[in-house]
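A.B. asks: sequence unknown, structure follows:
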């Protein structure tokens, strides 16, 4: 891992910012499900070990490296390669943005990964259009929450799916017009009924496994299945005959890989998200906070599906 991965866990001398980098004194760090997969060595992009998780942070810049003429003042939010679960994190200046006025650290850090991923999936990969039907799986997760809210912003009719009543209620609070319970074996037929028998146009799927395989049964002709992740632990086997007969598209959503190839894309999307925030079109929900020392328990709670929306580590 390069200089962008430097971090400090203890209270000794902090790492120095290199050329084009700044050092952030962290106040909050976000939790994301893919950290669990990374720690287990099951994520599609395997980092080097030892690993300190944490790809989104919020805090204040306390040092700038050579070549930085002007750095944001006050609160900032940043996306790092890793190593956000620390007191300080060094990141490239291009991945740092000023926090909006009146926004708290916990709320600010709840946005970067999940909203950027959902935006990339719905806007760049699925070309979601106004009036289309969008089915969001894991609707009570952080990325599901973001997909529901952005789906509504883009003018889609949103159906959310989850596996418990509390999660279905949460998804409705985020703007889902209809909800489906995975535990009900009739959820596929219900999705067809809700769309007047036509089927959904876009499926946002961070779950994989049976959920992905069954989704193709309730998709409209010409529908797009967004492969966002495999939280279920099983990579699905999609029926190619159904893809053929219904002219379906199975579309990969690897936001991290895309941003490596197009580093300017993050700032473009962040500008759009800032505008949506200012206009109160999107709002992340932080349902639980933990201290930095509680990071292992926080990740266990996330793995056990105990979190609605986002959870955040408070640092310092």
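C.D. replies: Good, I have the coordinates. None of these values were measured; they are calculated from a predicted model.
A.B. asks: could you give the mean pLDDT of stretch 181-200?
C.D. replies: What stretch 181-200 shows for mean pLDDT is 96.
A.B. asks: Please point out which parts of it sit buried.
C.D. replies: For stretch 181-200, a neighbour-count test (16 or more other Cβ atoms under 10 Å) marks 181-182, 187-188, 190-192, 194-195, 199-200 as buried. No exception for glycine: its C-beta is placed from N, CA and C like everyone else's.
A.B. asks: what's the answer for stretch 250-260, then?
C.D. replies: 250-251, 253-256, 258-259.
A.B. asks: show me the contacts for residue 171.
C.D. replies: 136, 139-140, 144-145, 148, 160, 162, 179 (Cβ atoms under 8 Å, 6 or more residues apart in numbering).
A.B. asks: For my notes, confirm residue 167 occurs in a strand.
C.D. replies: No - Residue 167 sits outside any strand when classified using DSSP: H, G, I helix; E, B strand; the rest coil, being helix.
A.B. asks: Please tell me how far residue 259 sits from residue 81.
C.D. replies: Residue 259 sits 11 Å away from residue 81, going by Cβ to Cβ, to the nearest Å.
A.B. asks: I'd like the distance from the longest helix along the chain to the chain centre, please.
C.D. replies: Longest helix of the chain, by residue count under DSSP state H: helix 265-278. Averaging C-alpha positions (Cα atoms, centre = their mean, to the nearest Å) puts helix 265-278 15 Å from its chain's average.
A.B. asks: ok, now stretch 132-150?
C.D. replies: Distance of stretch 132-150 from the chain centroid (Cα atoms, centre = their mean) equals 10 Å.
A.B. asks: Equivalent analysis for stretch 239-248, please.
C.D. replies: Here the centre of stretch 239-248 is set off from its chain's centre by 28 Å, with Cα atoms, centre = their mean.
A.B. asks: Flag every buried residue along that stretch.
C.D. replies: Residues of stretch 239-248 classed as buried: 243, 246, 248 (neighbour count, 16+ other Cβ under 10 Å).
A.B. asks: same check, this time on stretch 219-237
C.D. replies: Neighbour-count burial for stretch 219-237 [16+ other Cβ under 10 Å]: 219-220, 223-232, 236.
A.B. asks: for stretch 127-140, same thing?
C.D. replies: In stretch 127-140, the ones that count as buried by 16+ other Cβ under 10 Å are 128, 132-140.
A.B. asks: Need the per-residue pLDDT for the spatially most central residue of the chain.
C.D. replies: Nearest to the mean C-alpha position of the chain, counting by Cα atoms, centre = their mean, stands residue 114 at 1.8 Å. Here the pLDDT value assigned to residue 114 is 97.
A.B. asks: hang on, isn't it packed against residue 32?
C.D. replies: Yes - counting by Cβ atoms under 8 Å, residue 114 sits close enough to residue 32 to count as a contact (7.2 Å).
A.B. asks: State the distance from the closest residue in space to residue 215 that isn't next to it in sequence to residue 282.
C.D. replies: Among residues not flanking residue 215 along the chain, residue 203 sits closest, at 4.7 Å (Cβ to Cβ, 6 or more residues apart in numbering). For residue 203, the distance to residue 282 equals 21 Å [Cβ to Cβ].
A.B. asks: And the two? Which one has more around it.
C.D. replies: Comparing residue 203 with residue 282 by neighbour count (other Cβ atoms under 10 Å), the higher total belongs to residue 203, at 30 against 24.
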